[in-house]
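>>> Attaching a predicted model along with its sequence, questions to come.
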Amino acid sequence: MMNSLNRVEISRGALVHNFHLCRRLAGEADIMVMVKADGYGHGMISCARIFAEQGAAALGVAEAVEGLRLRQAGLTLPVFVLVGSLPQSLPVMLDANLTPVITDATNLGEFSRLAEETGVKVGVHLKMDAGMGRQGTLPGDFLSLVQRVQAHANLRIDGVMAHFPMADDPGSLNSWEVLHIFRETTAALDILAPGKCCLHLANSGGLFYVAGSRFNMVRLGLALYGCYPDGHAGRKAASLPLLRPAMRFTTQVIQLRRIPAGHGLGYSHLFTTSRPSTIAVLPVGYGAGYLRSLSNTAQVLIRGHRAPVVGRVSMNLTLIDVTGLEDVEVGDEVVLLGRQGDDEITADDVADWMGTISYEVLCLFGNLNNRVLVE
């Protein structure tokens, strides 16, 4: 079988290392592993299996269809559907034994009716907007939501969650304000007292930077895949052992060209050679998630050295300047993300060049390319 020249490798060893590093930081709190968006581009099913083997307590997805795929793959851990649910997804959630996250009272009646028809009592988690401003019920209305859930005999409150909006900034006071609101609101409701209810607030940033936010469970994504919530600063400030990036993205040289000085390269002639140059052609472009914003900006690794991207990145082709590098040949491995020799292109490097965040880089590369799990 013929494979693409572009390849994303996912390191099982890095995933296991990161889980156990986070396991130590989490203390007695359980770990919910976020496997939404196909495991942040790392492969939802394979990552879920690996983290389940290492002791994950639960899995987190965005939509019910993702939870159904986990069940069909044989995963038996609790699976939380985090972005809420519409009536058409409720039967699937009941049939697949998925844990609903309730953002408001809109669908409570329908959910209770379906639960009663199937003869089950469904444990739900409630989402509080403690400062994220995106989804959930505001603290002042939270008691009302609790009471409305309690009014349905087939629904049971098993937990409460909220989100940190700024936990990737260790210096932000916002995280402490959110923590205070979440703690005070849940403490005021006896039904939500520790021991009766699972409370979860901390994401990767909360785990690393917001003391006291672990409660019963932490919801971890980015850190498990090997990146720090605050990027380069987090890696530089971290104590050993460090998180290990789990994704590596490579391609190959498909042509070497000798170009004279003063020659325009690619669409719009965004780059013109200022000297006789050796240009390597790579079979990768924005169709594989290597975005146009990387034009004339990004760097890659080839034969252990950095080489700049020159000219406009197109749908399936990218040019790099290898002038002065010895022995470059057609077929040479080119690393777009990851380590080669003593150097490394990190997701934070690529994110800086793209003008985005590491999360987006991982999802783009992992979800748009052939992916293989390596030991």
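Done, it's in.
>>> What residues of stretch 344-352 count as buried?
Residues of stretch 344-352 classed as buried by neighbour count (16 or more other CB atoms under 10 Å): 345-352. Heads up, the C-betas are built off the backbone N, CA and C, glycines and all.
>>> what does stretch 338-345 give?
Buried residues in stretch 338-345, counting neighbours by 16+ other CB under 10 Å, are found at 338, 340, 345.
>>> how about the buried residues of stretch 344-352 in TSV, adding secondary structure, pLDDT and distance to residue 114?
Listed next are the buried residues of stretch 344-352 as TSV, based on DSSP: H, G, I helix; E, B strand; the rest coil; pLDDT from 0 to 100; distance: CB to CB, whole Å:
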residue	secondary structure	pLDDT	distance to residue 114
345	strand	98	49
346	coil	98	46
347	helix	98	41
348	helix	98	44
349	helix	98	48
350	helix	98	44
351	helix	98	42
352	helix	98	47
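>>> tell me which of those is nearest to residue 135?
residue 351 (24.9 Å; CB to CB).
>>> contacting residues for residue 169?
Contact partners of residue 169, counting by CB atoms under 8 Å, 6 or more residues apart in numbering, are 175, 205, 230.
>>> State the distance from it to residue 101.
The gap separating residue 169 from residue 101 is 25 Å, by CB to CB, to the nearest Å.
>>> Please enumerate the helices of the stretch 51-200 of the chain.
Remark: helices assigned in the stretch 51-200 of the chain by DSSP state H, counting those that start in this stretch are 64-72, 90-95, 108-118, 139-150, 174-187.
>>> wait, which of those helices is closest to residue 243?
helix 174-187 (20.0 Å).
>>> quick one: secondary structure of the residue nearest to residue 268 when sequence neighbours are not counted?
Of all residues not flanking residue 268 in the chain, residue 312 sits nearest, at 5.7 Å (CB to CB, 6 or more residues apart in numbering). Under DSSP: H, G, I helix; E, B strand; the rest coil, the three-state class of residue 312 is coil.
>>> residue contacts, residue 312?
Residue 312 sits in contact with 265-268, 270-271, 292, 295-296, where contact means CB under 8 Å, 6+ apart.
>>> let's see 7 Å
Applying CB atoms under 7 Å, 6 or more residues apart in numbering, one finds that residue 312 lies in contact with 266-268, 270, 292, 295.
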